[in-house]
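Engineer: would you be able to build a 3D model of this:
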Amino acid sequence: MKLWQPRALKVRRAEGQPVVTDIAAAATPARFRGKPAIDSSRCPDGCVVCVEVCPTAAISANPLTIDLGACVFCPLCVEACPEGAITYTNNYKMAATSREGLLLREDRDVAPDACSREIHRLFGRSLKLRSVSAGGCNGCELELNALGNVNFDMGRFGIEFVASPRHADGIVLSGTITRGMAHALEATYEAVPGPKLLILFGACAVSGGIFQGSDQLAREFIQKHKVDLYIPGCPPHPLTFLHGLLTYLRKIERPVESLR
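Structural biologist: Here you go, the predicted model:
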């Protein structure tokens, strides 16, 4: 024990501060594949090589646009583009409050709008969420689980996952919504007392990801219910979720005095 304690303290000191203290200005590794950067001036006339190689049809030309809701953040477009018109940054701030808001262009950034005064009044201090995996690969679920660890510590903002939808203020949906999960998802959503939030987490939830168009999906739920927040990624980084949700709830970057 006497030998273990100094060693543990040395390791702990070497690790530094594990908590991400500033969600709005957190540092991510240089190799982290975050929000793409677009420079259409590099595109040769008529070149659509990036459009053709995208596995989820997330890229369109004229103007060059990337649908972050369909993008699975693979490197195929970057590798295929001979001019470097598309590159990845390590920017994790790319949530949106509308499906159209996930369309990234040179002249249009991606950022969530702030919630209404009523939503802020109800959920600004405390928000309980029920996580529902409706046909996911568990990649998104692992990142959602990481929100409770010492690094991100979502609970310090009054946001927690709960075991029952009847104790929740909304649901976080991950996965493609398969036929087998469609009824369970609907039942879970209906069990959440209103008013309630619906958050889509990851490309599969937002668009179906690489499985979009499959006859094994039942995505009528998305058209039936209002989505409050879209979190892109495959899987999304925990910071993308936190920054998007905290911005939406006006906990960062938006003064409470400006509530509409």
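
Engineer: export stretch 122-137 to CSV, keeping only CA atoms.
Structural biologist: This file holds the C-alpha atoms of stretch 122-137, laid out as CSV (Å, rounded to 0.1, in the frame of the first residue of the first chain):
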residue,chain,number,x,y,z
LEU,A,122,-39.1,24.6,-17.8
PHE,A,123,-35.8,22.9,-18.6
GLY,A,124,-33.1,25.5,-18.2
ARG,A,125,-32.1,24.3,-14.7
SER,A,126,-33.0,20.6,-14.8
LEU,A,127,-33.5,18.3,-17.8
LYS,A,128,-34.1,14.6,-17.5
LEU,A,129,-33.7,12.5,-20.7
ARG,A,130,-34.5,9.0,-21.7
SER,A,131,-32.1,7.4,-24.2
VAL,A,132,-33.6,5.1,-26.8
SER,A,133,-31.5,3.0,-29.2
ALA,A,134,-33.8,2.2,-32.1
GLY,A,135,-31.5,-0.1,-34.1
GLY,A,136,-28.1,1.4,-33.6
CYS,A,137,-24.6,-0.2,-33.6
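
Engineer: would you mark the buried spots in it?
Structural biologist: Residues of stretch 122-137 classed as buried: 122-124, 127-137 (neighbour count, 16 or more other Cβ atoms under 10 Å). For every residue, glycine as well, the C-beta is placed using N, CA and C.

Engineer: so what strands line up beside the lengthiest strand in the chain?
Structural biologist: Identified as the longest strand of the chain according to DSSP state E is strand 127-133. Take DSSP bridges as the rule and strand 127-133 pairs in its sheet with strand 159-161 (parallel), strand 170-174 (parallel).

Engineer: go through these and pick out the most buried.
Structural biologist: Ranked by mean neighbour count, these are led by strand 170-174 with a mean of 26 (mean count of other Cβ atoms under 10 Å).

Engineer: just the residues contacting that one, thanks.
Structural biologist: Contacts to strand 170-174, defined as Cβ atoms under 8 Å, 6 or more residues apart in numbering, come from residues 123, 127, 129-134, 136, 140-141, 144, 161, 165, 185, 188-189, 192, 196-202, 204-205, 228.
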